[in-house]
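Asker: Sharing a model that was predicted from the sequence below.
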Amino acid sequence: MTYLLYVTGIVILALGISLTILSGLGASPFDALLVGLSESIGLTVGSWEIIIAFILIGCNALLVKQRPELFGLLTAMITGISIDTWLFLLDDFLLPIAWYSQGACFLFGLTGIGLGTALYLQSNFAAIPIDRLTLILKEWLRSSITLARSFLYLLFLILAYLFNGPIGIGTLLTVILGGVVLHYFINRVERMTRRPAGSS
């Protein structure tokens, strides 16, 4: 069950990220940064997912004063490969032009990001470094996941702007709604996967 949640969650997460990128309305601040780095410097979006993850693993280790959680790099690698795969498969197939098709593509993407993240986090196997950083900030700030996630979104929004990432109305909606959607699905997944009392 653990590995099923882990793999399913990452695949859905990667699909959600790809849909928001392809919607043309603007990706989340973090994903917009990845696209901006890819277009400005080179390499694929998934490659930058892995590179940034490696940097964040070091930052997280310093914040909690523990050894680097290298398993998080494995999750980032799987996520990066999955993003590149989805983008390759959907790039010619999915070309939303009308505003309503762009909106539908983005909303499906935002939902996929929240659901996928909640599923793989529930496995308690290895969090993507940015999600691990979200949980660290939640504890530091003694706040909700919504506030911690929104704080990180604002930080990456600035970086995405500096690298000319795809920032748009979708980016703003992600900043406003991303943490709320994640919080909603985390509660749902926790209730669905909670074992009944007395079960072995």
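Answerer: On my side now, so go ahead. Residues are numbered from 1 along each chain as shown.
Asker: host element of the residue nearest the centre of the chain?
Answerer: Computing the C-alpha centroid of the chain and ranking residues by CA atoms, centre = their mean puts residue 113 first, at 5.8 Å. Using DSSP states H and E, residue 113 maps to helix 99-122.
Asker: The next helix or strand after that helix to helix 99-122, inter-axis angle?
Answerer: Downstream of helix 99-122, the first helix or strand assigned by DSSP H and E is helix 129-141. Orientation check (axes from the mean of the first three to the mean of the last three CA atoms, to 10 degrees): helix 129-141 against helix 99-122 gives 70 degrees.
Asker: name the helices or strands packed onto helix 129-141?
Answerer: Secondary-structure packing of helix 129-141 (3 or more CB pairs under 8 Å, 6 or more residues apart in numbering; DSSP states H and E): helix 45-64, helix 71-90, helix 145-162. Placement of C-beta: from N, CA and C, glycine included.
Asker: need the contact list for the closest residue to residue 72 other than its chain neighbours.
Answerer: Using CB to CB, 6 or more residues apart in numbering and skipping residues adjacent in sequence, the residue nearest residue 72 is residue 129, 4.8 Å away. The neighbours of residue 129, taking CB atoms under 8 Å, 6 or more residues apart in numbering as the test, are 52-53, 56-57, 59-60, 69, 72-73, 76.
Asker: please redo it, this time with the cut-off set to 6 Å
Answerer: 53, 56-57, 60, 72 (CB atoms under 6 Å, 6 or more residues apart in numbering).
Asker: For residue 150, state which of the residues you listed is nearest.
Answerer: residue 56 (17.5 Å; CB to CB).
Asker: what's the burial count for the closest one?
Answerer: 20 (other CB atoms under 10 Å).
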